[in-house]
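Participant: Just to be clear, the model below is a prediction. Sequence and coordinates:
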Amino acid sequence: MIDDIKKDTKGRMDGAINSLSHNLGGIRTGRAHPSILESVKVPAWGSEMPLNQVASVTVEDARTLKIVAHDKDLGKAIEKAILNSDLGLNPSSAGTTIRVPMPALTEETRKGYTKQARGVAEDARVAVRNVRRDALAQLKKLVKDKEISEDEERRAADDIQKLTDKCVAEVDKKLEEKEKDLMAV
């Protein structure tokens, strides 16, 4: 039973870390990266489709994304969707190819993105701590139901705390990497 709780806790904490990585990837830096456009939805074939399902997005150079629509009729819709997104990007189309230059970040926008990254990291820390709280509650219930001893509970709680500390340290490391990336000129 204790092993199941530990395994479940680890899986949920790893999920919080993966979610953090995904969310940090969506925060724009000065360099071009396809994940920047993950939030863009394009009106296509009667519904809102994610950009990566209606076009291929590649990095042309360090500051430019290249988008090639799967259907040549979607070029204008893709361009409009990028313009209407909150990303502050200005695409330009050349036939079936759309290029999206990444504007250089100002000091003010860098600080804003850093603040956003810190918020995302704090959300991940809270998620990890909530998983810990749930696991400790499960252990307390097992002691109350007399399925495990208090010593077993204490040892398991220590293991869960070590896992929590490790995950929070990983969150801090990922945030530090993102901040370094954002502040690099």
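Facilitator: Yep, it's here.
Participant: Check which helices and strands the worst-scoring helix or strand of the chain on mean pLDDT is in contact with.
Facilitator: Ranking every helix and strand in the chain by mean pLDDT, DSSP states H and E puts strand 92-94 at the bottom, with a mean of 84. With contacts taken as 3 or more CB pairs under 8 Å, 6 or more residues apart in numbering; DSSP states H and E, strand 92-94 sits against helix 75-84, strand 97-101. Backbone N, C-alpha and C define where each C-beta goes, glycine included.
Participant: which helices and strands sit right next to the helix or strand Arg12 falls within?
Facilitator: Arg12 belongs to helix 2-25 when assigned by DSSP states H and E. In terms of contacts (3+ CB pairs under 8 Å, 6+ apart), helix 2-25 is packed against helix 107-144, helix 150-183.
Participant: In that helix, which residues are buried?
Facilitator: 2, 5-6, 9-10, 12-13, 16-17, 20, 23-24 (16 or more other CB atoms under 10 Å).
Participant: Ok, stretch 64-78 next?
Facilitator: Those would be 65-67, 69, 74-75, 77-78, for stretch 64-78 by 16+ other CB under 10 Å.
Participant: of the residues you listed, closest to Asn52?
Facilitator: The closest of these to Asn52 turns out to be Ile67 (CB to CB; 9.7 Å).
Participant: thinking again about what came up before, could you dump the buried residues of helix 2-25 into CSV and include distance to Leu89 and pLDDT?
Facilitator: Below are those laid out as CSV (distance: CB to CB, whole Å; pLDDT from 0 to 100):
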residue, distance to Leu89, pLDDT
Ile2, 50, 88
Ile5, 45, 92
Lys6, 44, 94
Thr9, 40, 95
Lys10, 38, 95
Arg12, 35, 96
Met13, 34, 95
Ala16, 29, 95
Ile17, 28, 95
Leu20, 24, 93
Asn23, 19, 87
Leu24, 19, 87
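Participant: quick one on the thing from earlier: the least confident helix or strand of the chain pairs with which strands?
Facilitator: strand 97-101 (antiparallel) (DSSP bridges).
Participant: Among the helices and strands packed on strand 92-94, single out whichever gets nearest to Ala137.
Facilitator: helix 75-84 (44.3 Å).
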